[in-house]
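> Provided below for reference: sequence and predicted model.
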Amino acid sequence: MDQTVITTIISTGGAVIVGLGGMWISTNQVGKRIDDIGKRVDRLEDGMARRMDRFEDELRAFKDVVNGKLATLDSELARLMDGGAK
């Protein structure tokens with residue numbers, strides 16, 4: 001074989017090895033990034049669930065206050081309609 005052909009084969013083989021190594025590293029990096037994104041999404045979901053629970057508790061407390069005020073108003077109206085203000 002000619003020296004040029006041997007050099008070309010060796011250079012091409014080296015380039016293929018380097019290219020495959022680069023693809024393997026890139027694939028691992030992409031996989032790592034996907035895992036990182038999954039962890040962040042999980043944390044966001046947990047945070048949203050906690051916020052929603054707090055919101056539901058606050059809404060329930062607000063509803064109780066409003067219902068209490070309406071009950072008081074209803075009693076006052078009933079008292080006024082039954083006998084007037086005394």
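Thanks, I have it. Numbering: from 1, shown residues only.

> how near is residue 67 to residue 60?
Distance, residue 67 to residue 60, using CB to CB, to the nearest Å: 11 Å. From N, CA and C alone the C-beta is placed, and that goes for glycine too.

> low-confidence stretches in this structure?
1, 84-86 (pLDDT under 70).

> all helices of it, in order?
Ranges of helices within the chain are 3-83, based on DSSP state H.

> give me the number of residues near residue 17?
By the criterion of other CB atoms under 10 Å, residue 17 has 10 neighbours.

> one more: residue 37?
Residue 37 has 10 nearby residues by other CB under 10 Å.

> quick check: it vs residue 44, distance?
Residue 37 is 10 Å from residue 44, by CB to CB.

> just give me the neighbour total for residue 13.
There are 10 residues near residue 13, going by other CB under 10 Å.

> go on, residue 16?
Residue 16: 10 neighbours (other CB under 10 Å).

> distance of it from residue 43?
Taking CB to CB, one finds residue 16 at 41 Å from residue 43.

> what of residue 56?
Residue 56 is 21 Å from residue 43, by CB to CB.

> over to residue 83?
For residue 83, the distance to residue 43 - CB to CB - is 61 Å.
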